[in-house]
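K.L.:
Here is my input, please return the structure:
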Amino acid sequence: MITSMANSKVKRLAALAQKAKARREEQCFVVEGIRMFREAPADWIREVYVSETFLRKYGRQALGSAPCEILADAVFQKASDTQTPQGILCVLSMPRYELAACIAGRCTDTAKAPLYMLLEDLQDPGNVGTILRAGEGAGIDGVIMTRQTADPFNPKVIRATMGSIYRVPFFVVDSLTASIDLLQEKGVAVYAAHLDDSVDYDVPDYTQPTAFLIGNEGNGLRQETAQRAAQYIKIPMAGQVESLNAAMASAILMYEAARQRRL
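P.N.:
Numbering: from 1, shown residues only. Modelled structure (predicted):
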């Protein structure tokens, strides 16, 4: 059992939770909670840590065949990124997806028209995680995000995904323009959430290959990015509401596409 707050493994776990640079250097990230452990792909799992209370409550059988290290409760609290930790955390390898392969259909269901979300410089981790979670529910094929978007391996993003981080392919790119060009070459229509010269979001036909562009919470899409879209779309607002947050707007668009495809 690890009982010292100064233990190098404990310091490393805290760094992986808090610092994107540490995650990039090791190409791994941390998830917490029994559900996130159980749903994690086996080949992603590098290390498992449990608190002494967790072990007393659930026993080693809760871990299956996964080896683990035990941390004293106070030490686990220090390593954890949550206020009330469940007593189990895992270090996972970062997944590797190839954007060109995904767009070509080799990592998606090729029986249906693909559906993608394109995120430009979203700053709120909760928005990014919720988009991944809602995207899984709506049946999207991937999320493409700029490097200035909140780190998808940030613990706040991970928690908001509720496990969808394991199942929705995502790609981090320097700029969306090249990705949009690649999508359009493959026959994917790109729609930008934008107020200028836009049509209501439920007017276009999304039964064909489709991608939605969502911009920064405060500034929206960059002009050069928005200009590449085939059409601008908007979500009509009643009352004095000017807009919805990025995650809610994304969910509405994704589920409208899903609705059309069910008809």
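
K.L.:
what does the average pLDDT come to for stretch 167-184?
P.N.:
The average pLDDT within stretch 167-184 is 95.

K.L.:
Tell me where the stretch 51-200 of the chain has strands.
P.N.:
All strands of the stretch 51-200 of the chain, identified by DSSP state E, counting those that start in this stretch, fall at 69-71, 88-93, 115-119, 142-146, 170-173, 189-193, 199-200.

K.L.:
Parallel or antiparallel, which strands does the last one pair with?
P.N.:
This points to strand 199-200. Neighbouring strands of strand 199-200 in its sheet, by DSSP bridges, are strand 231-234 (parallel).

K.L.:
Can you list the buried residues in the partner strand?
P.N.:
Across strand 231-234, burial judged by 16 or more other CB atoms under 10 Å covers 232, 233, 234. The way it works is simple: take the backbone N, C-alpha and C, and place the C-beta from them, glycine included.

K.L.:
Looking at the strands of the stretch 51-200 of the chain, which is nearest to residue 12?
P.N.:
Closest of these to residue 12 is strand 88-93, at 8.7 Å (criterion: CB to CB).

K.L.:
looking at the strands of the stretch 51-200 of the chain, which is buried most?
P.N.:
Stretch with highest mean neighbour count among the strands of the stretch 51-200 of the chain: strand 115-119 (a mean of 25; mean count of other CB atoms under 10 Å).

K.L.:
Tell me, please, where in the chain the pLDDT is lower than the cut-off.
P.N.:
Applying pLDDT under 70 to the chain flags the ranges 105-111.

K.L.:
now for the lengthiest helix in the chain, which elements pack on it?
P.N.:
Secondary structure of the chain read by DSSP state H shows that its longest helix is helix 246-262. On a contact count with 3 or more CB pairs under 8 Å, 6 or more residues apart in numbering; DSSP states H and E, helix 246-262 meets strand 115-119, helix 125-138, strand 189-193, strand 210-214.

K.L.:
Make CSV out of those and add distance to residue 165.
P.N.:
What follows is those, written out as CSV (distance: least, CB to CB, whole Å):
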stretch, distance to residue 165
strand 115-119, 14
helix 125-138, 6
strand 189-193, 23
strand 210-214, 18
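
K.L.:
out of these, nearest to residue 8?
P.N.:
Among the helices and strands packed on helix 246-262, the nearest to residue 8 by CB to CB is helix 125-138 (27.4 Å).

K.L.:
For residue 56, grab the count of nearby residues.
P.N.:
Applying other CB atoms under 10 Å, we find 10 residues neighbouring residue 56.

K.L.:
residues touching it, list them.
P.N.:
Applying CB atoms under 8 Å, 6 or more residues apart in numbering to residue 56 gives no contacts.

K.L.:
Over to residue 174?
P.N.:
146, 147.

K.L.:
Buried ones in the longest helix of the chain, by neighbour count?
P.N.:
Neighbour-count burial for helix 246-262 flags 246, 247, 249, 250, 251, 252, 253, 254, 256, 257, 261 (criterion: 16+ other CB under 10 Å).

K.L.:
Just the C-alpha atoms of that helix, please, in PDB.
P.N.:
Extracted in PDB, the C-alpha atoms of helix 246-262 (Å, rounded to 0.1, in the frame of the first residue of the first chain):
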ATOM      1  CA  ALA A 246     -22.400  25.100 -27.800                       C
ATOM      2  CA  ALA A 247     -23.300  21.700 -26.400                       C
ATOM      3  CA  MET A 248     -27.000  22.200 -26.500                       C
ATOM      4  CA  ALA A 249     -26.900  23.600 -30.000                       C
ATOM      5  CA  SER A 250     -24.800  20.700 -31.200                       C
ATOM      6  CA  ALA A 251     -27.200  18.200 -29.600                       C
ATOM      7  CA  ILE A 252     -30.200  19.800 -31.400                       C
ATOM      8  CA  LEU A 253     -28.400  19.600 -34.800                       C
ATOM      9  CA  MET A 254     -27.100  16.100 -34.300                       C
ATOM     10  CA  TYR A 255     -30.500  14.800 -33.200                       C
ATOM     11  CA  GLU A 256     -32.300  16.600 -36.100                       C
ATOM     12  CA  ALA A 257     -30.000  14.600 -38.400                       C
ATOM     13  CA  ALA A 258     -30.800  11.400 -36.500                       C
ATOM     14  CA  ARG A 259     -34.500  12.200 -36.700                       C
ATOM     15  CA  GLN A 260     -34.400  12.700 -40.500                       C
ATOM     16  CA  ARG A 261     -32.500   9.500 -40.900                       C
ATOM     17  CA  ARG A 262     -35.100   7.500 -39.000                       C
END
